[in-house]
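compute the structure for the input listed below.
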Amino acid sequence: MVLCASGLKQGATIMLRVIKVGGNELDDRHFLQGLARAVAGLQGQTVLVHGGGKAIAEALDRYNISFDVVDGMRVTSDAAMEIVEMVLSGAANKRLVTALLRAGVQAIGLSGVDLELIQVHRLLHDGKDLGRVGEIELVRLEVLRFLLEQGWTPVISPVSFDPVEGVSMNVNADLAAQAVAATLTADELIFVTNVPGVLINDSPVAHLTPVQAERYIRAGFISGGMLPKVKAAVSALDEVKAVRITDLIGLRADTGTRFTRGEV
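Just a heads-up that it's a prediction; the model follows:
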């Protein structure tokens with residue numbers, strides 16, 4: 001992944017977080033309200049990136065639009081892309097923005113298409129065309145910096161722009177959050193979920209390295225819904241210095257499971 005470079009640097013005293021929120025959580029009104037209150041209580045600068053997988057699946061079913069799967073990856077047709085964009089950049093994005101505004105956060109909703117914020121090219125998986133699925137090339141740092149300098153909180157839908165084909169593309173929200181965090185040189189990328197962290201024997205682990213995470217996965221301690229979250233967190237360490245999985249309480253209290261390359 002190629003990301004933009006700039007001489008702009010974040011101020012040493014300002015904490016900058018990128019928060020990834022899953023689409024399933026956005027369907028829970030109480031979770032959404034709690035998230036908005038938690039973000040309102042954070043010091044420093046915040047950027048949110050959200051998904052919307054559950055709502056997209058429901059909308060595709062409602063409009064009777066089928067989709068193919070290639071090696072576990074969803075193919076996005078032109079018809080499906082209309083639904084993806086409607087849900088992610090429309091309903092899901094504005095639902096989150098509205099909750100933040102009601103909590104006193106000066107949130108501004110946008111997608112990777114706006115101002116060509118996230119530029120991509122068509123993703124080919126082992127030479128197979130996945131349709132309107134994009135691979136990130138760069139994130140426009142100057143756009144994010146401008147928004148943050150106004151005191152605004154960007155809320156980003158991962159629908160992105162292919163400048164060569166001139167169309168919007170579907171992008172994995174975890175990868176979009178990772179790219180945004182890396183571009184901003186964020187202090188931390190936080191995956192907010194409904195559990196207080198990675199649970200081992202029903203207790204949250206405060207810290208994990210990639211090696212430790214792999215050991216727990218092989219031993220079967222990390223499985224089910226937590227497995228993709230842990231894999232995303234470990235993958236993000238390729239571009240972000242610190243990653244955390246936590247819930248709303250942990251977001252406010254600065255707790256959860258932190259992932260770093262080395263021991264604490």
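
how about S66, secondary structure?
Judged by DSSP: H, G, I helix; E, B strand; the rest coil, the three-state class of S66 is coil.

quick check: it vs D129, distance?
Distance from S66 to D129, counting by Cβ to Cβ, to the nearest Å: 17 Å. C-beta coordinates here come from the backbone N, C-alpha and C atoms, glycine included.

over to T255?
43 Å.

who has more neighbours, the two?
T255 (16 against 12; other Cβ atoms under 10 Å).

excluding covalently adjacent residues, which one is nearest to that one?
Distances taken as Cβ to Cβ, 6 or more residues apart in numbering place T246 nearest to T255, at 6.4 Å, with adjacent residues excluded.

bridging residues for the one you found?
When assigned by DSSP bridges, T246 has beta-bridge partners V192.

quick one, what contacts it?
Applying Cβ atoms under 8 Å, 6 or more residues apart in numbering, one finds that T246 lies in contact with I190, F191, V192, T193, P196, G197, T255, G256, T257.

one more: L100?
Listed by Cβ under 8 Å, 6+ apart, the contact partners of L100 are A36, V39, A40, L48, A107, T153, V155.

check those residues and tell me the two furthest apart.
Farthest apart among these by Cβ to Cβ are A40 and V155. That separation is 13.3 Å.

and the two? Which one has more around it.
Just comparing A40 and V155: by other Cβ under 10 Å the higher neighbour count belongs to V155, 27 against 16.

helix, strand or coil for the more buried one?
Secondary structure, three-state DSSP: V155 is strand.

roughly how far does it sit from R17?
Distance, V155 to R17, by Cβ to Cβ: 13 Å.

please apply the same query to L251.
9 Å.

look up the residues forming beta bridges with V18.
When assigned by DSSP bridges, V18 has beta-bridge partners V47, L189.

isn't it up against A177?
Yes: in this structure, V18 sits in contact with A177. The criterion is Cβ atoms under 8 Å, and the distance is 5.7 Å.

output the biggest strand by length in the chain as PDB - backbone C-alpha positions only.
Once the chain is assigned using DSSP state E, the strand that runs over the most residues is strand 128-139. Output of strand 128-139 as PDB, limited to C-alpha atoms (Å, rounded to 0.1, in the frame of the first residue of the first chain):
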ATOM      1  CA  LYS A 128      -9.500 -12.500 -10.600                       C
ATOM      2  CA  ASP A 129     -11.600  -9.400 -11.100                       C
ATOM      3  CA  LEU A 130     -13.700  -8.700  -8.000                       C
ATOM      4  CA  GLY A 131     -15.700  -6.000  -9.700                       C
ATOM      5  CA  ARG A 132     -16.000  -2.600  -7.900                       C
ATOM      6  CA  VAL A 133     -13.500  -3.500  -5.200                       C
ATOM      7  CA  GLY A 134     -10.600  -1.100  -4.600                       C
ATOM      8  CA  GLU A 135      -7.100  -1.400  -3.300                       C
ATOM      9  CA  ILE A 136      -5.900   1.800  -1.600                       C
ATOM     10  CA  GLU A 137      -3.100   3.800  -3.200                       C
ATOM     11  CA  LEU A 138      -3.100   7.000  -1.100                       C
ATOM     12  CA  VAL A 139      -5.000   9.100   1.400                       C
END
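
distance from the chain centre to that strand, please.
Going by Cα atoms, centre = their mean, to the nearest Å, the spacing between the C-alpha centre of strand 128-139 and its chain's C-alpha centre is 16 Å.
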